[in-house]
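> The following comprises the amino acid sequence and a computationally predicted model.
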Amino acid sequence: MSLDENAKSNLIAAARAAASHAYAPYSDYRVGSALLFDDGAVITGTNVENASYGLALCAETLATARALGEGRRGGLVAVAVTGPQDKGDGSPITPCGRCRQVLNELAQLGGTDPLILCVGTNDVREVSLSTLLPHAFGPAHLA
Ligand code: THU
């Protein structure tokens, strides 16, 4: 499935919309994530924090867990990640290390290398998951 500019903007819009539901009372750093699948489905997630700070879940992790929990086992084409526009230096937000590994699980299950759209204030960095997480450990190692 090729990803045209319209599909990219729609995915970014879905991630932004998801971020409005972020539960981030401790960091006040609201993140949205949207996963696009090869059948056109989009599954979103937000960060979900906890009074026990270290238990926070990232937006990409929640979206991936939702997808797996709905029975998806691959077909991951692209992922958009958005952060707050009024914080930081405006550079594109990239998935944290744990999220890269979590995303890799779903990607490897279906043999795809999803395009990650990392959204910044003035630009979007497009990078493949395999570039963000080279030589990844995944389900194939355990088969
Ligand atoms: N966060 C995400 O949701 N995704 C990332 O890839 C980076 C960080 C969240 C975790 C925490 O709730 C807040 O951003 C600040 O770190």
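It's in.
> Leaving out sequence neighbours, find the closest residue to the residue nearest to the spatial centre of the chain.
Nearest to the geometric centre of the chain sits Glu60, at 3.6 Å (C-alpha atoms, centre = their mean). Excluding the flanking residues, the one nearest Glu60 by C-beta to C-beta, 6 or more residues apart in numbering is Cys99, at 3.9 Å. (Each C-beta comes from the backbone N, C-alpha and C, glycine too.)
> hang on, isn't that neighbour packed against Thr61?
Yes: if you go by C-beta atoms under 8 Å, Cys99 and Thr61 touch, sitting 5.4 Å apart.
> sorry, back to before: and the residue nearest to the centre of the chain, what does it touch?
Glu60 sits next to 33, 45, 79, 81, 95-96, 99, 102-103 when contact means C-beta atoms under 8 Å, 6 or more residues apart in numbering.
> filter those to the buried ones?
When the contacts of Glu60 are checked for burial by 16 or more other C-beta atoms under 10 Å, the buried set is 33, 45, 79, 81, 95, 99, 102-103.
> just to revisit the earlier point, pretty sure the residue nearest to the centre of the chain is in a strand, no?
No: counting by DSSP: H, G, I helix; E, B strand; the rest coil, Glu60 falls outside a strand, being helix.
> what's the pLDDT at it?
Note on Glu60: pLDDT of 98.
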